[in-house]
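Asks: need a structure here:
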Amino acid sequence: MKEFWDQRYAELDYAYGTKPNVFFKTQIDDLTPGKLLLPAEGEGRNAVYAARLGWEVYAFDISDEGRKKALKLAERVDVEITYKTGDFAKLGFGDKTFDLIAFIFAYVDPKIRWLFHSSLIECLKPGGRLILESFSKSQFTRTTGGPKNPDMLFSYKELKKDFSNMSRLKIWEKEVLLNEGDYHQGLAAVIRATGTK
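Replies: Okay, here's the model as predicted:
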């Protein structure tokens with residue numbers, strides 16, 4: 001998996017563009033800046049946008065190439081982000097330290113997905129917020145982005161289970177017209193979630 005993402009992010013252009021994900025932007029624009037964690041952040045488009053709003057941004061990914069491009073993007077607009085690479089379990093972000101965690105098209109092996117999500121929610125302070133946008137199971141037959149393994153796509157039932165300890169949890173599916181770099185283009189089936197710890 002690391003080799004795949006390193007190869008994609010080694011391309012000259014930003015694979016998913018340099019503008020933030022639209023749903024992430026609409027959600028974070030209404031929040032008071034604090035401490036933010038972005039799993040599987042890739043080339044840094046959401047991290048850099050949040051940093052420009054005054055958030056203290058921490059991001060991670062398995063891709064060294066993604067980190068390089070994220071830091072380059074941050075330097076270009078004169079903001080700072082903390083970006084680590086490696087396995088989340090070994091990165092040591094600490095429990096109950098973040099005001100917000102945003103999963104934007106963040107995928108892991110389905111066998112460890114529940115543990116991954118649960119461990120990350122432990123990083124939220126009481127009252128901390130969750131923002132999520134990923135492809136839903138309905139995206140599998142489409143060519144507008146997303147994993148080719150249907151087990152990596154999300155359903156309402158799976159997210160409801162993974163984030164069952166969140167209050168005010170809202171989960172919904174919809175079709176959106178994506179325009180994010182070369183790899184997220186066209187009509188797509190997404191699933192979104194927001195919640196509070």
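Asks: Which stretches in this protein count as strands?
Replies: 35-38, 56-61, 82-85, 98-104, 124-135, 167-180, 184-196 (DSSP state E).
Asks: Which of the residues in the third one are classified as buried?
Replies: By neighbour count on 16 or more other CB atoms under 10 Å, the buried set for strand 82-85 is Tyr83, Thr85. No exception for glycine: its C-beta is placed from N, CA and C like everyone else's.
Asks: Tell me the strands beside that strand, with direction?
Replies: strand 56-61 (parallel) (DSSP bridges).
Asks: what does the partner strand rub up against?
Replies: 5, 33-42, 44, 47, 50-51, 67, 70, 80-86, 88, 91, 93, 98 (CB atoms under 8 Å, 6 or more residues apart in numbering).
Asks: Restrict the residues you listed to the buried ones and give me that as a PyMOL selection.
Replies: In PyMOL, a selection of the buried entries from the contacts of strand 56-61 looks like this (16+ other CB under 10 Å):
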select buried, resi 5+35+36+37+38+39+40+41+42+44+47+50+51+67+70+81+83+85+88+93+98
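Asks: picking up where we left off before, would you reformat the strands of the chain as CSV and include distance to Asp13 and mean pLDDT?
Replies: Below are the strands of the chain laid out as CSV (distance: least, CB to CB, whole Å; pLDDT from 0 to 100):
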stretch, distance to Asp13, mean pLDDT
strand 35-38, 21, 98
strand 56-61, 18, 97
strand 82-85, 20, 96
strand 98-104, 19, 98
strand 124-135, 21, 97
strand 167-180, 12, 97
strand 184-196, 13, 98
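Asks: quick one, which of those is nearest to Lys160?
Replies: Smallest distance to Lys160 across the strands of the chain (CB to CB): 6.2 Å, for strand 167-180.
Asks: and the closest one, which strands flank it?
Replies: Applying DSSP bridges to the sheet, strand 167-180 is found paired with strand 184-196 (antiparallel).
Asks: Using PDB, list the CA coordinates for the strand it pairs with.
Replies: This file holds the C-alpha atoms of strand 184-196, laid out as PDB (Å, rounded to 0.1, in the frame of the first residue of the first chain):
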ATOM      1  CA  HIS A 184     -11.600  12.500  -8.000                       C
ATOM      2  CA  GLN A 185     -13.600  13.700 -11.000                       C
ATOM      3  CA  GLY A 186     -17.300  13.400 -11.700                       C
ATOM      4  CA  LEU A 187     -20.400  12.200 -10.000                       C
ATOM      5  CA  ALA A 188     -19.600  10.200  -6.900                       C
ATOM      6  CA  ALA A 189     -21.400   8.400  -4.000                       C
ATOM      7  CA  VAL A 190     -20.100   9.600  -0.700                       C
ATOM      8  CA  ILE A 191     -20.900   9.100   2.900                       C
ATOM      9  CA  ARG A 192     -20.500  11.800   5.500                       C
ATOM     10  CA  ALA A 193     -20.500  11.900   9.300                       C
ATOM     11  CA  THR A 194     -20.200  14.500  12.100                       C
ATOM     12  CA  GLY A 195     -20.300  13.900  15.800                       C
ATOM     13  CA  THR A 196     -19.100  15.000  19.200                       C
END
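Asks: All set now, cheers.
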